[in-house]
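Asker: Build the 3D model from these lines:
(one chain, ligands or ions: 2)
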Amino acid sequence: MTDIRTARAWLTGAARPVSFSGAGLSAESGIATFRDPDGVWATVDPVRMASPEGFAADPETVVAWYNARRDASRNARPNRAHRALASRHNMTHITQNVDGLLESAGALRVLHLHGSLDRDRCHRDCGHVEPATRRGLNTCPDCGGAMRPDVVWFGEMLPMDIWTEAEIAVADADVMLVVGTSAIVYPAAGLIETAQRTGTRIIVVNQEPLDLGVGIELVGQAGEILPELL
Ligand code: APR
Ligand code: ZN
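Answerer: Ligands and ions are numbered 1, 2, ... in the order given. Below you'll find the model as predicted:
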């Protein structure tokens, strides 16, 4: 049986499937990835724009950059890959993406390991979180601290509740569908090793070969392959 037919059979019979996705899932919706040759980090310094140090040094520029990413994300529509994933109502979607395109496609359970562009949170971690509706630099209404995008910056911890939920979902999963990630940023990428260790059947869909040496690897665009798989 060909790889795609085997992968489809695994997914058809899956009782507790999970997806694990990265920026490549949203690429066909017009949202730039990070490490492709035309990716975000090819022109933007991640430390300057996506770290607590960068925010402390120049909060105005960081907030303006995130507002520009929000505008781009708001104009994006779910693509065929998002819709294919969302069609599996028993699938838990674990994503590194900060856009809301899986939810817009109708996905029922989405765990955002790296936060969400749609929210701002207090940089003092007092607990205040709000929808990202205020533009410019804002202060926390509860403690006066600086407000910043509710995303995980380099060097910051992942949201513990979401991370624990993701680890449990992966440990319990019978099939993991890895979509559009370079699988090099930890701890998120470690979920693939957790899946491998617990005997989960792993299917990787990526535009570039990753050669992770796990399960089935299907090379191509997510928007082409996922509708065939799901
Ligand atoms: N279909 C499938 N795969 C694709 C597509 C597509 N249409 N377009 C790009 N890809 C693949 C690329 O080949 C690459 O392997 O998606 C992957 C995207 O990798 P990255 O740009 O590294 O994005 P990601 O894996 O999500 O990065 C992880 O790093 O910068 C941080 O916090 C950021 O969450 C992000 C994390
Ligand atoms: Zn606060």
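Asker: what about Ala81, helix or strand, and which?
Answerer: Applying DSSP states H and E as the criterion places Ala81 in helix 80-86.
Asker: Quick check: buried residues in the helix of greatest length in the chain?
Answerer: The helix that spans the most residues within the chain, counting by DSSP state H, is helix 59-74. Neighbour counts over helix 59-74 (16 or more other CB atoms under 10 Å) mark Val62, Val63, Trp65, Tyr66, Asn67, Arg69, Arg70, Ser73 as buried. C-beta: built from backbone N, CA, C; applies to glycine.
Asker: Skipping adjacent residues, who's closest to the fifth one in space?
Answerer: Okay, so that is Asn67. Distances taken as CB to CB, 6 or more residues apart in numbering place Arg135 nearest to Asn67, at 5.8 Å, with adjacent residues excluded.
Asker: neighbours around that neighbour, how many?
Answerer: 10 (other CB atoms under 10 Å).
Asker: List the residues that contact Val98.
Answerer: Ser73, His112, His114, Gly115, Ser116, Leu117, Val151 (CB atoms under 8 Å, 6 or more residues apart in numbering).
Asker: In PyMOL, how would I select just the buried ones from those?
Answerer: The PyMOL selection below is limited to those of those classed as buried (16+ other CB under 10 Å):
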select buried, resi 73+112+114+115+116+117+151
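Asker: Show the overlap between the contacts of Val98 and what lies near ligand 2.
Answerer: Restricting those to those touching ligand 2 (CB under 5 Å from the ion) yields no residues.
Asker: How far away from the center of its chain is the longest strand along the chain?
Answerer: The residue-count maximum for a strand in the chain (DSSP state E) belongs to strand 115-122. With CA atoms, centre = their mean, to the nearest Å as the basis, strand 115-122 stands 14 Å off its chain's centre.
Asker: Need the contact partners of that strand.
Answerer: Residues outside strand 115-122 that contact it (CB under 8 Å, 6+ apart): 66, 69-70, 73, 98-100, 128-132, 134, 138, 140, 142-143, 145-152, 159.
Asker: Could you do stretch 78-93 as well?
Answerer: Contact with stretch 78-93 is made by 11, 14-19, 21, 25-26, 28-29, 101-102, 104-111, 169, 173, 177, 179-180, 221-227, 229-230, as judged by CB under 8 Å, 6+ apart.
Asker: Apply 7 Å and report the result again.
Answerer: For stretch 78-93, the surrounding residues in contact (CB atoms under 7 Å, 6 or more residues apart in numbering) are 17-19, 21, 25, 28-29, 101-102, 104-111, 169, 179, 222-223, 226-227, 230.
Asker: I'd like the distance between Asp118 and Tyr66.
Answerer: Asp118 is 11 Å from Tyr66, where distance means CB to CB, to the nearest Å.
Asker: any low-confidence regions in this protein?
Answerer: Where the chain drops to pLDDT under 70, the residues are 1.
Asker: Domain boundaries for it, per the record?
Answerer: The chain breaks down into these domains under automatic domain parsing: 1-31+79-114+158-230, 36-75+117-151.
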